[in-house]
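>>> Quick one, fold the following:
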Amino acid sequence: MLATVWQIEQFSGSAGDFHQRDLPNVITPTVWWFDIDHSAVVLGSSQPISDIDVVACAQAGIDIVRRRSGGGAVLLEPGDVVWADVLIPAGHQLWTADVGSSAWWLGEAWRSALNSLGMHGLSVHTAPIRHTEWSRRMCFAGVGGGEVMLGDRKVVGVSQRRTRAGARFQCAYYQQWRPITHELVFGSSGPRANELVDLVAPVSVSTAAVRQALLLALNSLG
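Numbers count the residues shown, from 1 in each chain. I've put the predicted structure just below:
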C-alpha cells in the first residue's frame with residue numbers, strides 16, 4: 001500500500017462561497033480548512049426553506065445558504081464551529097463505492113485524532129442511519145455513517161458529495177453549542193432549546209491542535 005500524501009489548504013470567507021466551490025477536475029487527497037467570517041445556516045440540497053425561520057435569521061444577521069450535499073441544516077457561527085472538507089479521488093485505496101460505509105474510514109481518522117487530544121470514549125457510527133424527531137431538519141439531530149459520537153451526543157458531523165472524479169466529505173464539529181440560537185433559527189415549529197442541550201458534545205481543544213492531529217491520523221491510514 002502506497003502512503004498517501006495529503007495536501008492541506010486553508011481559506012477564510014463566507015459559507016456561501018465555500019459551499020459553491022467546485023471540485024477540481026482532477027482530485028487529489030486534500031483537506032480544505034474553512035474559517036467562516038459570518039454566521040450562516042446551511043440547508044441540505046433538497047431541504048425546504050420552510051424548515052427555518054427566514055425572518056428571524058434575517059433579524060439576527062444569519063445568512064441562508066444551500067449546500068450541494070443532502071441532509072438537514074447546520075448552523076455555522078464564527079468561533080463556534082470548525083469546518084473541514086476532505087477530498088479523495090475515485091479509485092483511491094480509501095474509496096468505497098457503497099455510500100453507506102464510504103465515510104467510516106474518515107470517522108476513524110477523526111476519532112483517532114480527538115482521542116490523541118484527550119477525548120476518550122468516542123465511537124464511529126457504522127450502523128444504518130439513525131433518525132430522530134428533528135433529524136430531517138437538523139443534521140446534528142440524526143446520525144449517519146462515519147459520524148463520531150460520544151455516547152448519544154454527536155461530536156463530528158459528516159455529509160458528502162460524490163462525482164465521477166471522487167468524493168468531498170464535509171465535516172464539522174462545534175467548539176461551542178448554543179441551543180437557544182438553534183431554537184431561533186428553526187422557529188416556532190422547530191425544536192425547543194431544552195430538547196437540544198444534550199444533542200452535541202463540543203470539542204474544547206484548540207483548532208490548531210485538531211488540524212495537526214487529524215493530519216497525523218490521515219497519514220497513519222496509509
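
>>> So which residues of the protein form strands?
Taking DSSP state E to define them, one finds strands in the chain at 7-13, 30-36, 40-43, 63-66, 74-76, 81-89, 122-124, 148-150, 153-162, 166-174.

>>> Return the list of strands paired to the last one, each annotated with direction.
In other words, strand 166-174. Partners of strand 166-174 in the sheet, by DSSP bridges, are strand 81-89 (antiparallel), strand 153-162 (antiparallel).

>>> Any chance of a markdown table for the ones you listed, columns mean pLDDT?
Shown next, in a markdown table, are these (pLDDT from 0 to 100):
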| stretch | mean pLDDT |
| --- | --- |
| strand 81-89 | 96 |
| strand 153-162 | 94 |
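
>>> Could I get these in TSV, plus columns for mean neighbour count?
All C-beta atoms are positioned from the backbone trio N, CA, C, and that covers glycine. Putting the strands paired with strand 166-174 into TSV (neighbours: other Cβ atoms under 10 Å) gives the following:
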stretch	mean neighbour count
strand 81-89	21
strand 153-162	22
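
>>> returning to what we had before: switch the strands of the chain over to JSON lines; also include distance to residue 199.
Below are the strands of the chain laid out as JSON lines (distance: least, Cβ to Cβ, whole Å):
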{"stretch": "strand 7-13", "distance to residue 199": "27"}
{"stretch": "strand 30-36", "distance to residue 199": "21"}
{"stretch": "strand 40-43", "distance to residue 199": "16"}
{"stretch": "strand 63-66", "distance to residue 199": "21"}
{"stretch": "strand 74-76", "distance to residue 199": "12"}
{"stretch": "strand 81-89", "distance to residue 199": "14"}
{"stretch": "strand 122-124", "distance to residue 199": "16"}
{"stretch": "strand 148-150", "distance to residue 199": "11"}
{"stretch": "strand 153-162", "distance to residue 199": "6"}
{"stretch": "strand 166-174", "distance to residue 199": "10"}
